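Student: With the sequence up front, the predicted model follows.
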Protein chains: 2
Amino acid sequence: PNRRAVGDARDRQGRMTKPPGALGVLEDISVQLAGLAGECPPPVPEPAAVAIFAGDHGVHAQGVTSWPQEVTTQMVHNFLDGGAVVNAFADQVGAEVTVVDVGVIGDLPGVPGLLPRKIARGTADCTQGPAMTRTQAGYAIEAGIEVARDLVAAGNRCLVTGDMGIANTTPSAALIAAFTGRDPAEVTGRGTGLDDAAHERKIEVVRRALEANDIDPGDPVGVLAAVGGLEHAALTGFVLGAAALRVPVLLDGVIAGAASLAVAALAPDALHACVAGHRSSEPGHAAVLEHLGLRPLVDLELRLGEGSGALLALPLMQGAVRALRDVATFDAAGVTERR
Amino acid sequence: PNRRAVGDARDRQGRMTKPPGALGVLEDISVQLAGLAGECPPPVPEPAAVAIFAGDHGVHAQGVTSWPQEVTTQMVHNFLDGGAVVNAFADQVGAEVTVVDVGVIGDLPGVPGLLPRKIARGTADCTQGPAMTRTQAGYAIEAGIEVARDLVAAGNRCLVTGDMGIANTTPSAALIAAFTGRDPAEVTGRGTGLDDAAHERKIEVVRRALEANDIDPGDPVGVLAAVGGLEHAALTGFVLGAAALRVPVLLDGVIAGAASLAVAALAPDALHACVAGHRSSEPGHAAVLEHLGLRPLVDLELRLGEGSGALLALPLMQGAVRALRDVATFDAAGVTERR
């Protein structure tokens, strides 16, 4: 972060017509984004674009979810038809929706709004060995970097992470366990709604995935290839790409959270571009936020994914910057400061 | 609330292309607003208007704040000039700002955006007897009802509470203690930033205000007159007016929270129109939310007032309704439900 811009932003927060500190967490966000942009005030992070990275998962065969695998493809169609929650929230906050196929099993149509970047038709089953080759993981990271670059080149000043992939809370849990060192039982959740017995089986699947692979947290690409998903790898690149362009990224829930651990392991400085959009009800997400020291802006027991939680946080982040930019100082407004 | 609309909304939340319950608190909000409107889906709560009720406080003489009293008038000018945080946030979320002078000491200009409804030049010092006459409190309540009616007649489909009044966390604490039965020490905060000694003195002032008056929680108008402010009474009317028109009200922080206790005492059904916009860092506000069973949408350690926290919650509430209205069902989208 640019120290002068950080200092200017802190100073301005103290001279704005409000009690010092009265904007709480949003003051920190405004300072962070000033440091990222290298100027105070930083640009208001709009327009914004959410990129939904979609992929399928070989570990689905282990019965980790009650949703059929074809729902990944069906939901991509739903996104393209504008019928999903992410579309409704994007409409509400004025964000653009782009779907990126990095690994959906089904064939998808060549239509606007869908970027065809299919690297494989789903990953392999990570309980039997690596989910991807290292080359595939690298291609997915590159795809994510390029999507970030293209969305910024198109004029976007904020990127929002989205994801779709039936079963993808399972590789998320494996990644989180691998990078944080926590036990799978602590970071494996019920996803979109498992009962107790199915939850226990899912924890065992995560444990077996970690045992079936050589896990070295010092080799983040290797970890992504071993137990991650194509969307996790692409999201890792997406964050890296945005950070390199000094454009803020709003992180959604546990899938983006798992990817952000890979980001932290590859290039810790890239986290300066990241704002945690929300806290999902998945336990692994809380572990990520704690590990990275991120404070989420929205905390409403959402557990949907797609980028839905991060989109809801967008106006809060924009408001934080707009206040820093637009609010009059005591001097300028002729308001008396406290004694 | 309308039971059929509530049932329809719950049912639709279960058929939308998302796991049941995945929108967490926002599903409850959408159901609440369906019940309020009497139809499913309810109208998206936009456009929205924030009304900033402004007044001064005789209890300022007791040294409960380090801010000079003239700051109330100065900040009203700042609102009218568009230089305050509430203006920046309103711009961000597309809300209209109206200032209502119900009791500012200073003279204010006759300009658009300011409604002159001055009932008194500030309240009397509530440590010496009632802050207002019962007649004055009644006038303020009426003023609030009429502002709600006028803003809805102008086409607004969501009202947002705002307030300005140097020292007004002190009458808020007194109202909260009176209506919840809690001890002043539990519900009196540091306002815009007091040190320990000043905080102790403020608690004592609240205690003396409650002792200097006959407090009967069963007589809410009497309580407002005794220890409230003109803006608290007006906010009480504002909520009652909105609820009568079945228009949702987003409540800001501790000042609106104190007023909502008077609403609950006068007409508990009116709370069905209320959504807690945020949780402020004032301890009295947490007491209000607990007492009324309200779950705030935003929780970011804000402690500014003006309506700032509630405005940030507006896109979340709007998103909740927009999802209920726009998201495709499994049947319609051709998405397979889980097994």
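Tutor: Yep, it's here.
Student: List the contacts of A:Ala333.
Tutor: Counting by CB atoms under 8 Å, 6 or more residues apart in numbering or on different chains, A:Ala333 makes contact with A:Thr17, B:Gln74, B:His77, B:Asn78, B:Asp81, B:Gly83. (C-beta placed from N, C-alpha, C; glycine too.)
Student: how near is the residue lying closest to A:His272 once chain neighbours are set aside to B:Gly38?
Tutor: What sits nearest to A:His272 in space, not counting adjacent residues and going by CB to CB, 6 or more residues apart in numbering or on different chains, is A:Pro1, at 5.3 Å. Separation of A:Pro1 from B:Gly38 (CB to CB, to the nearest Å): 51 Å.
Student: Switch the contacts of A:Ala333 over to TSV; also include neighbour count, distance to A:Arg246 and pLDDT.
Tutor: Formatted as TSV, these follow (neighbours: other CB atoms under 10 Å in any protein chain shown; distance: CB to CB, whole Å; pLDDT from 0 to 100):
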residue	neighbour count	distance to A:Arg246	pLDDT
A:Thr17	22	29	97
B:Gln74	18	37	98
B:His77	19	37	98
B:Asn78	26	32	98
B:Asp81	15	33	97
B:Gly83	22	29	98
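Student: could you dump those residues to a markdown table with secondary structure?
Tutor: Shown next, in a markdown table, are the contacts of A:Ala333 (DSSP: H, G, I helix; E, B strand; the rest coil):
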| residue | secondary structure |
| --- | --- |
| A:Thr17 | coil |
| B:Gln74 | helix |
| B:His77 | helix |
| B:Asn78 | helix |
| B:Asp81 | helix |
| B:Gly83 | coil |
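Student: and the helix or strand hosting A:Ala9, does that touch chain B?
Tutor: Using DSSP states H and E, A:Ala9 sits in helix A:3-15. No. Helix A:3-15 does not reach chain B (CB under 8 Å from any CB of the partner chain); its nearest approach is 10.8 Å.
Student: how far out from the middle of the chain is that helix?
Tutor: 28 Å (CA atoms, centre = their mean, to the nearest Å).
Student: Please enumerate residues in contact with the following helix or strand past that helix?
Tutor: Next helix or strand after helix A:3-15 toward the C-terminus (DSSP H and E): helix A:25-37. With CB under 8 Å, 6+ apart as the test, helix A:25-37 has contacts from A:1-3, A:5-6, A:8-10, A:13, A:21, A:23, A:40-43, A:45, A:246, A:248, A:272-273, A:275, A:295, A:297, A:316-317, A:319-321, A:323-324, B:300-302.
Student: hmm, 7 Å instead?
Tutor: A:1-2, A:5-6, A:8-10, A:13, A:21, A:40-43, A:45, A:246, A:248, A:272-273, A:275, A:295, A:316-317, A:319-321, A:323-324, B:300-301 (CB atoms under 7 Å, 6 or more residues apart in numbering or on different chains).
Student: Just the buried residues of those residues.
Tutor: Among those, those buried by neighbour count (16 or more other CB atoms under 10 Å in any protein chain shown) are A:1-2, A:5-6, A:8-10, A:13, A:21, A:40-42, A:45, A:246, A:248, A:273, A:275, A:316-317, A:319-321, A:323-324, B:300-301.
Student: Give the closest residue to the closest residue to chain B within the stretch 151-300 of chain A in space, chain neighbours not counted.
Tutor: Chain B sits closest to A:Thr192 of the stretch 151-300 of chain A, with a gap of 3.7 Å, by CB to the nearest CB. Distance criterion CB to CB, 6+ apart; nearest residue to A:Thr192, sequence neighbours excluded, is B:Pro19 at 3.7 Å.
Student: Can you report how many residues lie near the one you found?
Tutor: 19 (other CB atoms under 10 Å in any protein chain shown).
Student: So for it, what's the pLDDT?
Tutor: B:Pro19 is assigned a predicted lDDT (pLDDT) of 94.
Student: ditto for A:Gly191
Tutor: 81.
Student: Could you do the one 5 residues further on as well?
Tutor: Reported pLDDT at A:Asp196 in the predicted model: 95.
Student: quick one, domains of chain A?
Tutor: A:3-43+A:324-333, A:48-315 (automatic domain parsing).
Student: of all the ones you listed, which lies closest to B:Gly58?
Tutor: Proximity of those to B:Gly58 was assessed by CB to CB; the nearest stretch is domain A:3-43+A:324-333, lying at 21.8 Å.
Student: Cross-check the contact I'm expecting between A:Ala270 and A:Val263.
Tutor: Yes. Applying CB atoms under 7 Å, one finds A:Ala270 in contact with A:Val263, separated by 5.1 Å.
Student: and these two? which has more neighbours close in?
Tutor: Comparing A:Ala270 with A:Val263 by other CB under 10 Å, the one with more neighbours is A:Val263, at 26 against 19.
Student: For A:Phe238, see how far away the more buried one is.
Tutor: 9 Å.
Student: With A:Val100 instead?
Tutor: Distance, A:Val100 to A:Phe238, by CB to CB: 9 Å.
Student: what's the overlap in contacts for those two?
Tutor: With CB under 7 Å, 6+ apart, A:Val100 and A:Phe238 have common neighbours A:Ala51, A:Val147.
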